[in-house]
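> Please find the sequence and the predicted model below.
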Amino acid sequence: MTTRHTCISLALLALLSSLPAQAAPQRDHSYYLTIIHTNDHHGRFWKNGDGEYGMAARKSVIDQIRADVRIHGGYSLLLDGGDVNTGVPESDLQDAEPDFMGMNLLGYDAMAVGNHEFDKPPAVLARQRQWAKFPMLSANIYRHGKRMFAPYQLFRLGDLRVAVLGLTTDDTKKMTNPENTRDIEFRPPAAEAARLMPQLRRRADIIIGATHMGHYPDGKHGVSAPGDVEMARQVAGFNLIVGGHSQNPVCMKAENVRDDAYVPGSDCAPDRQNAAWIVQAHEWGKYVGRADFEYRNGAFRLLKYQLIPVNLKKTVRMADGSEQKVPYSREIPEDRTALALLQPYQDKGSAELSTAVGSSDGKLEGERSVVRKQATNLGVLIATTMQQRAHADLALMNAGGIRDSLPAGSISYRDILKVLPFGNTLVYVDMSGSELLAYLQAAARMTPGSGAFAQFAGVRLRIADGKVTEAQIAGQAIDPARRYRLALNSFTAVGGDGYPRLLGHSGYVNTGYVDADLLRGYFASHGTLHSADFAPGDAVVRQ
């Protein structure tokens, strides 16, 4: 047998229905199908500074899996759970062209449309759809009453018919620029899946969901839209769901209990709900997921599941006391063909990092000895970009995340990355006024001089002896019974620098937008900034 397969477009379905029936799976015969999967790529076409992940090494892994499947007489499909866009400047500056071209080279068969596919204007998405030599699938995205994307794709693998149904989180509208999703409707995915399931069952032996909805253990999704677990429980008929969006390795410790401390290279048991297996391979191409199945007499059985780390490394202490990063598992060589394709994009992106993105008429202060002890114009600027992008009432930025100043004059993206080098993402949390006051009290206790020292935007505070004595938003005292939106970065939100942990709060949303990209975009849209506009003044007074 061969792993090559025939991809049948929806436009041909009517014609195919009039043709003689193709061979059905043979009785008492075992068919072997391997699903290879990734998700939440977010611009990581190139390896990072430690040599982790990257599409060239990913190709080596995928090629080896396909060769192994072919030798053993099976079939394979390579699927992605969406969010190709946003995360690394070399990719962002080129509208993710290297990423889509890399996916073509790696031979992806289909991908779900993610919410970050709408980060840029519609013209960019249109170009990306032209670049992709594989279908971008979503059944629940409508424009003017019609689906924007093919809802599913049928694959003929020998005698097997496999349907891949694409679905996108209905949170997309609130997580993207309204200008980019004007006239676009994101309908509840489970309702669309239920609507399509009867025809998929007639046309396919195996039904796979390629989704960008998130994995929430035991269906506890909080304020986020329902994810894969909830849909699998509501809609019978899925054999497998290849997910994305929540950016987790879906490895279960027990029924409905995910192992959120999963160690790369260790055993991984996927989730299972209502007879559907649910998998997700974390993010950025850190892993390639491999799910080996047997199909026999209508039964779909998981034989083996792996998350294969792509050159992920851990820090170990050597005998001489020094520290060194070593791979969790065998080191994977980079594919030369992929390197040849991607190197020019990497070089071009690096060159563009030196291009000016804006300017300032004065220094924006981020010196460590200053920004960790008092409010500064740069601290206010960064918090302002977070507040505006999240449509928040206020924003908090930990001073330890600000690593440099921005000089007066021309400012490049490289300058911005020196200020914000960690790649933290923008988070917002909708909470009650009483919860917000408690959080501000925790921030007030952070010692001046430490990285936890807070920079603010959108709030007026009076702090005495480490306690908040006055807190106002928009000129009004914070009302304990009202709802407010706080913007902050992902590091602080998960408890970094000793802040209260907000991950898991019912109002928690990680937008996926990288802090440096937000600041760059602010410069790009405003041109020359007036440093005095961000002077802290007496908005936050500590006594």
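Perfect, I can see it now.

> Please tell me I have it right and residue 284 contacts residue 53.
Yes - counting by Cβ atoms under 8 Å, residue 284 touches residue 53, with 5.7 Å between them. Where C-beta positions appear, they are placed from N, C-alpha and C, glycine not excepted.

> By mean pLDDT, which helix or strand of the chain comes out lowest?
Taking mean pLDDT, DSSP states H and E as the measure, the helices and strands of the chain show their lowest mean at helix 13-17, namely a mean of 41.

> Neighbour count: residue 284 and residue 53, which is higher?
residue 53 (26 against 22; other Cβ atoms under 10 Å).

> Roughly how far does that one sit from residue 185?
In this view, residue 53 and residue 185 are 35 Å apart by Cβ to Cβ, to the nearest Å.

> where does this structure have low pLDDT?
Where the chain drops to pLDDT under 70, the residues are 1-22, 178, 223.

> domains for it, by residue range?
32-348, 356-542 (automatic domain parsing).

> got the ones you listed as JSON lines, with distance to residue 26 columns?
Output for the domains of the chain, formatted as JSON lines (distance: least, Cβ to Cβ, whole Å):
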{"stretch": "domain 32-348", "distance to residue 26": "6"}
{"stretch": "domain 356-542", "distance to residue 26": "45"}
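
> Between those, which one is closest to residue 24.
Of all those, domain 32-348 sits nearest to residue 24, with 6.4 Å by Cβ to Cβ.

> Endpoints of that closest one, how far apart?
End-to-end distance for domain 32-348: 42 Å, by Cα to Cα, to the nearest Å.

> Let's verify residue 33: helix, strand, or coil?
Following DSSP: H, G, I helix; E, B strand; the rest coil, we place residue 33 in the strand state.

> Quick check: it touching residue 73?
No - look at residue 33 against residue 73 with Cβ under 8 Å: they stay out of range, at 11.2 Å.

> how near is residue 395 to residue 380?
From residue 395 to residue 380 the distance is 9 Å (Cβ to Cβ).

> okay, and the common contacts of these two?
Taking Cβ atoms under 8 Å, 6 or more residues apart in numbering as the contact rule, the neighbours common to residue 395 and residue 380 are 456, 457.

> circling back: if you count surrounding residues, which of residue 33 and residue 73 has more?
Neighbour count, other Cβ under 10 Å: between residue 33 and residue 73, residue 33 has more, with 27 against 13.

> now that one, nearest residue through space, not along the chain?
residue 293 (4.9 Å; Cβ to Cβ, 6 or more residues apart in numbering).

> Under a three-state scheme, what state does the residue lying closest to residue 392 once chain neighbours are set aside occupy?
The shortest distance from residue 392 to any non-neighbouring residue, by Cβ to Cβ, 6+ apart, is to residue 487 (3.8 Å). Counting by three-state DSSP, the backbone at residue 487 sits in strand.

> which residues does residue 487 contact?
Neighbouring residues of residue 487 by Cβ under 8 Å, 6+ apart: 383, 386, 387, 389, 390, 392, 394, 395, 396, 426, 427, 428.

> How about the secondary structure of residue 491?
Relying on three-state DSSP, one would call residue 491 helix.

> which residues touch it?
By Cβ under 8 Å, 6+ apart, the residues touching residue 491 are 398, 401, 422, 424, 497.

> Kindly indicate the member of these with the most neighbours.
Among the contacts of residue 491, residue 398 has the most neighbours (other Cβ under 10 Å), with 25 neighbours.

> Tell me, how many residues neighbour the nearest residue to residue 250 once chain neighbours are set aside?
For residue 250, ignoring the flanking residues on the chain, the nearest one in space by Cβ to Cβ, 6+ apart is residue 280 at 4.1 Å. Neighbour count of residue 280, defined by other Cβ under 10 Å: 32.

> Got phi/psi on residue 280?
Torsion angles at residue 280 (phi, psi; degrees, to the nearest 10) stand at phi -160, psi 140.

> Same question for the one 3 residues further on.
For residue 283, the backbone dihedrals (degrees, to the nearest 10) come out as phi -170, psi 160.

> and what of the one 10 residues further on?
Phi and psi for residue 293, reported as degrees, to the nearest 10, are phi -120, psi 160.

> Quickly note the distance from the residue nearest to residue 469 when sequence neighbours are not counted to residue 485.
Nearest-residue entry for residue 469: residue 462, 4.8 Å, with adjacent residues in sequence omitted and distances by Cβ to Cβ, 6+ apart. For residue 462, the distance to residue 485 (Cβ to Cβ) stands at 22 Å.

> Which of those two has more residues huddled nearby?
Per other Cβ under 10 Å, whichever of residue 462 and residue 485 has more neighbours is residue 485, with 19 against 16.

> Isn't the more buried one up against residue 427?
No - using Cβ under 8 Å, residue 485 makes no contact with residue 427, being 10.8 Å away.

> who's in contact with the most centrally placed residue in the chain?
Centroid check for the chain by Cα atoms, centre = their mean gives residue 40 as the closest residue, at 4.2 Å. Neighbouring residues of residue 40 by Cβ under 8 Å, 6+ apart: 81, 82, 83, 114, 244, 245, 247, 282, 283, 284.

> make it 6 Å
83, 244, 247, 283 (Cβ atoms under 6 Å, 6 or more residues apart in numbering).

> Can you check my assumption that it lies in a helix?
No - looking at residue 40 with three-state DSSP, it is coil, so not inside a helix.

> ok, the closest residue to it other than its chain neighbours to residue 81 distance?
Take residue 40 and drop its neighbours on the chain: the residue closest to it by Cβ to Cβ, 6+ apart is residue 283, 4.1 Å away. As judged by Cβ to Cβ, residue 283 and residue 81 stand 10 Å apart.
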